[in-house]
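*Asks:* Please find the sequence and the predicted model below.
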Amino acid sequence: MKCRNTIVSDVEKEYLEQKDKVKQIMSRIPNRIYLTSDVWTAVTSEGYICLTAHFVDEDWKLTSKILNFCRMKPPHTGVELESVVFDCLKQWGIDKKIFSITLDNASANNNLQDILKSHLCVHRNLLCDGEFFHVRCCAHTLNLIVQDGLKVIDKAIHNIRESIKYVKSSDRRTLKFKECVSDVGINMSMGLRLDVTTRWNSTYLMLESAIKYKEAFQILKVVDRNYKNCPSSEEWNRGEKICQFLEPFYEITNMMSGSSYPTSNLYFMQIWKIQLIIEENLLNEDVTLKDIAMNMKEKFQKYWKEYSIGLAFGAILDLRLKADFTTYCYKKLDPLTYAEKTKKVLEKFKRLFKEYVKNFSTSSVSLSQSPTESILMSQSNTEGKKFKR
């Protein structure tokens, strides 16, 4: 049996060898590297920071590597966070190859990206002077939007939540509920789920599971006189409507949180769908759904009044969508301003394209030879085709 000092030495040696391999891979790729970072506090009250690099390797495979995972001692200010991130980039030798960083909406992260962008721009390490450097985490932003909307539904789903709590509060009640489920012939494979206040998607999953056992709850009301919170038919109907309303947000969150496939090309279409859903429900006859939509629109306007232009490029480069789709989306939302918005996106895209041409001027790429430029010129003069939602 090896002693612990030998094992520690072997692990460190293996780590350094693997780190060197990753450094060599990132030094060889001609493309830019994208960063994501997060900071959190563990149950032990210790702070941690994680920095991850995302890039397309030499075999055209999407690759993600954790560059740093370490203790983050207080204070967790933007200055301190930027210092840790920049030192890490220097250690890995990629401070001249960064394109963007994705962060959640914490105020410290806003300061982090401001300082880091200035730091990198001083050495002219960013394309387009860092115009596309900061990307807000879409999943986190969507979570904030939906959480604001759900503040108005506690009363609407109160009895559904209390019914699940009642069943789960003791083994005896759980067994009695199983008997009720068996009586109505429902498959028990899903089970009941109770939501967590900090996770909006858990509220959706709670409603989805409870609705499947609606008839079992009605039988439980008959056989258990202590059960007082059985939802009425109206409350079940409202719960079903809320569940249907939340379903597309749940699906979009899962889609945009994917890690084994590119997601930047999905951004524009999904944010557009979210805005359409919110706008449509502002006219909903159900007062609860209308109030949810009003709250969500306020938060949507705060973070996504202007779509991320950098991520809109993903839709343009998606052969299924191209620039015509951005035109169609903008026109669907506002027929008066769509031309101006489309023009702005295409102008920014051309600027970024020219930056790449300038950086790769030694290669065979040129503006006159590139089909991309001619495609962009033709697309900017055409009206968007119609797409189904």
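*Replies:* In hand now; what should we look at? These numbers were taken from a predicted model, which means no experiment stands behind them. Numbers count the residues shown, from 1 in each chain.
*Asks:* C-alpha only now, for contacts and for neighbours.
*Replies:* Fine.
*Asks:* Would you map out the domains in this protein?
*Replies:* Here the domain parsing of the chain from automatic domain parsing is 14-136, 138-289, 306-389.
*Asks:* Quick one: those as JSON lines, columns for mean neighbour count, mean pLDDT and distance to Thr6 too.
*Replies:* Formatted as JSON lines, the domains of the chain follow (neighbours: other Cα atoms under 10 Å; pLDDT from 0 to 100; distance: least, Cα to Cα, whole Å):
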{"stretch": "domain 14-136", "mean neighbour count": "16", "mean pLDDT": "93", "distance to Thr6": "12"}
{"stretch": "domain 138-289", "mean neighbour count": "16", "mean pLDDT": "90", "distance to Thr6": "35"}
{"stretch": "domain 306-389", "mean neighbour count": "15", "mean pLDDT": "76", "distance to Thr6": "47"}
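*Asks:* Is it possible to get JSON lines of those domains that adds distance to Met296?
*Replies:* Output for the domains of the chain, formatted as JSON lines (distance: least, Cα to Cα, whole Å):
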{"stretch": "domain 14-136", "distance to Met296": "16"}
{"stretch": "domain 138-289", "distance to Met296": "5"}
{"stretch": "domain 306-389", "distance to Met296": "15"}
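*Asks:* For Glu298, which of these is the nearest?
*Replies:* Nearest to Glu298, of all the domains of the chain, is domain 138-289, at 8.3 Å by Cα to Cα.
*Asks:* Asn110 contacts Gly78, correct?
*Replies:* Yes: taking Cα atoms under 8 Å as the definition, Asn110 is a contact partner of Gly78 at 7.4 Å.
*Asks:* which stretches of the stretch 201-350 of the chain form helices?
*Replies:* Shown for the stretch 201-350 of the chain, the helices assigned by DSSP state H, counting those that start in this stretch span residues 214-223, 233-256, 264-281, 287-304, 309-317, 322-333, 338-359.
*Asks:* mind checking how far the host helix or strand of Asn110 is from the chain centre?
*Replies:* Per DSSP states H and E: Asn110 is located in helix 107-122. Its chain's average C-alpha position is 21 Å from that of helix 107-122, according to Cα atoms, centre = their mean, to the nearest Å.
*Asks:* List the contacts of it.
*Replies:* 76-79, 81-82, 86, 95-96, 101, 103, 126, 129-130, 133-134 (Cα atoms under 8 Å, 6 or more residues apart in numbering).
*Asks:* Nearest to Asn295, out of the domains of the chain?
*Replies:* Nearest of the domains of the chain to Asn295, taken as Cα to Cα: domain 138-289 at 5.0 Å.
*Asks:* List the residues that contact the residue nearest the centre of the chain.
*Replies:* Compute the mean C-alpha point of the chain, and by Cα atoms, centre = their mean the closest residue is Ala139, 2.2 Å away. Ala139 sits next to Thr253, Met256, Ser257 when contact means Cα under 8 Å, 6+ apart.
*Asks:* can you redo the residues you listed as TSV with distance to Lys358?
*Replies:* Output for those, formatted as TSV (distance: Cα to Cα, whole Å):
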residue	distance to Lys358
Thr253	37
Met256	32
Ser257	33
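*Asks:* ok, of these, which one's closest to Met294?
*Replies:* Thr253 (20.2 Å).
*Asks:* SS state for the nearest residue to the closest one once chain neighbours are set aside?
*Replies:* If the residues on either side of it in the chain are set aside, Thr253 comes closest to Ala139, at 5.8 Å by Cα to Cα, 6 or more residues apart in numbering. For Ala139, the assignment made with DSSP: H, G, I helix; E, B strand; the rest coil gives helix.
*Asks:* before we move on, the earlier item: from the contacts of Ala139, which single one is nearest Thr288?
*Replies:* Using Cα to Cα, these come closest to Thr288 at Thr253, 22.4 Å.
*Asks:* correct me, but that closest one touches Leu142?
*Replies:* Yes: between Thr253 and Leu142 there is a contact at 7.4 Å, judged by Cα under 8 Å.
*Asks:* How about the secondary structure of Arg193?
*Replies:* coil.
*Asks:* Tell me how far the nearest residue to Glu82 once chain neighbours are set aside lies from Lys228.
*Replies:* Excluding its sequence neighbours, the residue lying closest to Glu82 (Cα to Cα, 6+ apart) is Leu112, at 5.1 Å. For Leu112, the distance to Lys228 equals 52 Å [Cα to Cα, to the nearest Å].
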